[in-house]
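Asker: Take this sequence and fold it.
(one chain, ligands or ions: 3)
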Amino acid sequence: MRYLGSHVGLSSPLYLLGSVRQAELWGETAFMCYTGAPQNSHRVPLERLKIAEADAVSALPRVIHAPYIVNLADPEGGEKLSIGKKTVKNELQRAKAMGGVCLVLHPGASLGADFLPSALCLCRCLEEVAQGENFPPIAIETMAGKGSEIGKTLEEVAFILGNCSLPLKVCLDTCHLHDGGYDLSDPGFLDEVDRVIGLSNVACVHLNDSKNPRGSHKDRHENLGYGAIGFSNLRRIASDPRLDPLPIILETPYWNGAAPYAQEIKMLRDGAFSDWR
Ligand code: FE
Ligand code: FE
Ligand code: ZN
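Answerer: Ligands and ions are numbered 1, 2, ... in the order given. Here you go, the predicted structure:
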């Protein structure tokens, strides 16, 4: 847990400078932000993000997350695919300018299509956008399997990596994996990730508890220790020495309007759950 942090906002007027200050106030040693609103692709110009000012005060690793409206996995997507490709290209440029270690991307939803054409559509789109460019790597996030989301099993994510000529990486989301059916109380879970995906292909971890039982395909994050995965299982994964070089990012919900991250980070470092809610 060398690099442990959370999602932090990116907002006017301080933008990235405000994000790094917030992360440091919460005791974080890494953080993640979107390059604007998570739910749309409207973006403030890079010149206004105070990137140099942030660099001057903080060297924390930064994970960048692409907006979640993008869907490059619908082969019938038509114009939506072209818009999505433009958005991802722009996000990759922004992630590079912001010093991001990777750009986390949801693999998307197949809608009416089968997995195979859907995954290949995603792979071709990403190649078009990033081939030959010196962008930070795209990290495909493991998904809960809500609706027709692809990337809901390690095998599906491995297929995407194996069928794209880019050096794609992976973001392991513990809530999504649990909701997708994986048993995170199994001490062999990371061995399974290593066998199917290769731990060297993992770029970051989203450490979240889940509000729902295993296999529910719901994707509702819960505070660490208050959900169906449980603190000790999450802590065992987060402290596995094989994940030590990776940023571990909390995306747990606010409680009574306040961010939980300072408490959750302290609990992870102390190795003990304490009831703070
Ligand atoms: Fe995500
Ligand atoms: Fe996530
Ligand atoms: Zn989620």
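
Asker: which parts of the protein sit against ligand 2?
Answerer: Applying CB under 5 Å from the ion, we find that the chain lies next to ligand 2 at Asp173, His206. Quick note: C-beta positions are derived from backbone N, CA and C, even for glycine.

Asker: Now do the helices in the stretch 101-250 of the chain.
Answerer: Chain-ordered helices for the stretch 101-250 of the chain, with DSSP state H, counting those that start in this stretch as the definition, fall at 115-130, 154-162, 174-179, 189-196, 231-238.

Asker: Make CSV out of these and add mean pLDDT and distance to Cys33.
Answerer: Below are these laid out as CSV (pLDDT from 0 to 100; distance: least, CB to CB, whole Å):
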stretch, mean pLDDT, distance to Cys33
helix 115-130, 98, 20
helix 154-162, 98, 23
helix 174-179, 98, 19
helix 189-196, 98, 25
helix 231-238, 98, 20
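
Asker: Pipe the ones you listed into TSV and attach mean neighbour count per row.
Answerer: Output for these, formatted as TSV (neighbours: other CB atoms under 10 Å):
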stretch	mean neighbour count
helix 115-130	20
helix 154-162	19
helix 174-179	28
helix 189-196	16
helix 231-238	20
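
Asker: of these, which approaches Glu264 most closely?
Answerer: Across those, the minimum distance to Glu264, taken as CB to CB, is reached by helix 231-238, at 9.4 Å.

Asker: mind checking how far the closest one is from the chain centre?
Answerer: Helix 231-238 has its C-alpha centroid displaced from the chain centroid by 18 Å (CA atoms, centre = their mean, to the nearest Å).

Asker: Dump the C-alpha coordinates for that helix into PDB.
Answerer: Listed in PDB are the C-alpha atoms of helix 231-238, where the atom choice follows Å, rounded to 0.1, in the frame of the first residue of the first chain:
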ATOM      1  CA  PHE A 231     -12.700  -5.100   5.700                       C
ATOM      2  CA  SER A 232     -10.300  -8.000   6.200                       C
ATOM      3  CA  ASN A 233     -10.700  -9.200   2.700                       C
ATOM      4  CA  LEU A 234     -10.200  -5.800   1.200                       C
ATOM      5  CA  ARG A 235      -7.300  -5.100   3.500                       C
ATOM      6  CA  ARG A 236      -5.700  -8.500   2.500                       C
ATOM      7  CA  ILE A 237      -5.900  -7.600  -1.200                       C
ATOM      8  CA  ALA A 238      -4.700  -4.000  -0.700                       C
END
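
Asker: Now do it: which elements does it pack against?
Answerer: For helix 231-238, the packing partners by 3 or more CB pairs under 8 Å, 6 or more residues apart in numbering; DSSP states H and E come out as strand 202-207, helix 261-270.

Asker: For Thr142, find the nearest of those.
Answerer: When the helices and strands packed on helix 231-238 are compared for distance to Thr142 using CB to CB, the nearest one is strand 202-207, at 8.7 Å.

Asker: I appreciate the help and will end here.
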